[in-house]
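Novice: My questions are about this predicted structure, shown below with the sequence.
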Amino acid sequence: MKRITKLLAAVVLAGVAATAATSAMAGSKGAKIFVIGGKADDPFWSIVKRGAEDAGKVVEAQGGSVTWLGPQNYDNLGADAADLIRTAISQHADAIVGPDWVPESMDEAFKAVVAAGIPLIIYNAGGLDAADRLGAMNYIGSDDYKAGFAGGEYFGNHDLKNVVCVNTLPGAANLRAQCAGLLAGVAKHGGKGVELPLPMSSFGNPTAVAQALKAHLLQNPDVVGVYTIGNVDANSAANGIMQAGLSDKVKLGGVNMDQTILANIKSGSQLFTIDQQGYLQGYLAVSILNGHVNYGLTVPTREILTGPGVVDESNVDATMAGVQAGAR
């Protein structure tokens with residue numbers, strides 16, 4: 001994380017210097033940057049969007065713009081996201097940021113970005129493998145397999161060795177990798193687990209998630225750990241555990257967070273969450289592309305990892321201030 005801190009400091013300083021030079025760039029049109037992300041009402045993606053918008057203040061001061069494009073829902077995620085990428089190309093983007101959620105549906109559109117000579121950064125999903133495959137400048141985000149692995153190790157280290165990964169977006173390659181990492185992490189400690197894939201329409205659906213998890217727990221009474229792939233499903237999973245009458249036995253973990261999740265960790269009703277620092281994903285991606293378009297700047301560290309980090313009772317108080325500010 002020290003590397004990320006140094007990189008962020010460098011980006012911020014570059015932004016300050018660039019802002020100071022705005023008057024000298026009065027004739028420049030600035031950078032027209034498009035950011036592909038999640039739904040507007042998705043709590044995690046609203047944090048990523050805030051990071052992109054905060055970086056966008058420098059972009060706008062230099063005469064440029066940052067445009068956020070997100071799907072209406074996640075029912076047809078790959079195809080819809082590919083259409084958004086093509087929309088950005090058609091709008092004559094100077095640079096594009098996007099997650100490689102569903103490579104089989106999205107890679108062709110990303111390759112069209114590079115073929116058009118438009119600088120590209122892959123963020124949030126896909127990893128450096130996707131950046132290399134697609135010809136992107138950088139990958140910015142967490143390694144989903146490592147994030148899941150950290151969760152699995154946390155369960156294993158707390159003697160919780162039979163777990164289930166509740167995946168409400170099974171079509172997304174990064175989330176399949178996250179569940180695979182979870183199972184590998186707990187297996188390292190002699191445990192086991194399974195992925196519970198649910199229809200993509202169940203993402204953020206409290207009733208669907210709670211009922212499906214309740215049924216799974218009642219059918220598999222040896223399960224002692226539950227992991228969710230997003231904060232919108234964490235409270236639903238907690239309800240499913242409660243409805244199964246297993247709150248004392250089955251412990252909850254997952255990825256991403258909000259004030260409710262942190263309060264649950266503080267009270268002990270949730271064991272941990274994995275933080276991937278979505279704010280940094282949006283902020284760094286926009287800042288780096290703005291510097292590249294305007295000044296030809298590049299960052300030699302092509303894989304810029306913003307996570308994973310574990311938040312539990314030991315550091316939950318220090319994390320709450322960032323959540324209250326809308327940046328974590």
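Specialist: Structure's in. What do you need? Numbers count the residues shown, from 1 in each chain.
Novice: From now on I want contacts and neighbour counts done on CA atoms only, so please keep to that.
Specialist: Noted.
Novice: Let me see the confidence value for L7.
Specialist: At L7, the model reports a pLDDT of 51.
Novice: ugh, typo on my part, it should be N231
Specialist: On the pLDDT scale, N231 is placed at 86.
Novice: low-confidence ranges in the protein?
Specialist: Per-residue confidence for the chain (pLDDT under 70) gives these ranges: 1-28.
Novice: all helices of the stretch 1-150 of the chain, in order?
Specialist: In the stretch 1-150 of the chain, helices defined by DSSP state H, counting those that start in this stretch lie at 2-20, 43-61, 77-90, 103-115, 127-134, 144-157, listed in chain order.
Novice: now those as CSV including mean neighbour count and distance to N290?
Specialist: As requested, these are exported to CSV (neighbours: other C-alpha atoms under 10 Å; distance: least, C-alpha to C-alpha, whole Å):
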stretch, mean neighbour count, distance to N290
helix 2-20, 14, 9
helix 43-61, 22, 7
helix 77-90, 19, 16
helix 103-115, 18, 17
helix 127-134, 18, 18
helix 144-157, 25, 26
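Novice: closest one to A31 among the ones you listed?
Specialist: With C-alpha to C-alpha, the closest approach to A31 among the helices of the stretch 1-150 of the chain belongs to helix 43-61: 6.7 Å.
Novice: and that closest one, what does it pack onto?
Specialist: Judged by 3 or more C-alpha pairs under 8 Å, 6 or more residues apart in numbering; DSSP states H and E, helix 43-61 is in contact with helix 2-20, strand 65-69, helix 231-243, helix 278-295.
Novice: quick one, it and helix 231-243 angle?
Specialist: Counting by axes from the mean of the first three to the mean of the last three C-alpha atoms, to 10 degrees, helix 43-61 points 170 degrees away from the direction of helix 231-243.
Novice: outside of helix 43-61, which residues touch it?
Specialist: The contact list for helix 43-61 (C-alpha atoms under 8 Å, 6 or more residues apart in numbering) reads 15-16, 18-19, 22, 30-31, 35, 37-40, 65-66, 68, 230-232, 256-258, 278-287, 290, 326-328.
Novice: Put the buried members of these into a PyMOL selection.
Specialist: Selecting the buried subset of those in PyMOL, with 16 or more other C-alpha atoms under 10 Å as the burial test, is done by:
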select buried, resi 15+18+19+22+30+31+35+37+38+39+40+65+66+68+230+231+232+256+257+258+278+279+280+281+282+283+284+285+286+287+290+326+327+328
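Novice: Does N231 touch D258 like I think?
Specialist: Yes: under the contact definition of C-alpha atoms under 8 Å, N231 touches D258, with a separation of 7.0 Å.
Novice: Okay, domains of this structure per the record?
Specialist: Domain ranges of the chain: 2-142+276-297, 144-275, per automatic domain parsing.
Novice: could those domains go into CSV alongside distance to I304?
Specialist: As requested, these are arranged in CSV below (distance: least, C-alpha to C-alpha, whole Å):
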stretch, distance to I304
domain 2-142+276-297, 5
domain 144-275, 13
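Novice: Quick one: the helices of the stretch 1-150 of the chain as TSV, columns for distance to T298 too.
Specialist: Formatted as TSV, the entries for those read as follows, by distance: least, C-alpha to C-alpha, whole Å:
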stretch	distance to T298
helix 2-20	11
helix 43-61	16
helix 77-90	22
helix 103-115	16
helix 127-134	15
helix 144-157	25
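Novice: Nearest to A215 among those would be which one?
Specialist: Comparison of these against A215 by C-alpha to C-alpha identifies helix 144-157 as nearest, at 21.6 Å.
Novice: and for that closest one, what are the contacting residues?
Specialist: 125, 161, 174-175, 177-191, 225, 227, 253-255, 273-274, 276, 307-310.
Novice: Give me the PyMOL select line for those, limited to the buried ones.
Specialist: Under the burial definition 16+ other C-alpha under 10 Å, those of the contacts of helix 144-157 that qualify are selected in PyMOL by:
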select buried, resi 125+161+174+175+177+178+179+180+181+182+183+184+185+186+187+189+191+225+227+253+254+255+273+274+276+307+308+309+310
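Novice: Strands - which of the contacts of helix 144-157 land there?
Specialist: Under the assignment DSSP state E, these contribute 225, 227, 253-254, 273-274, 309-310 to strands.
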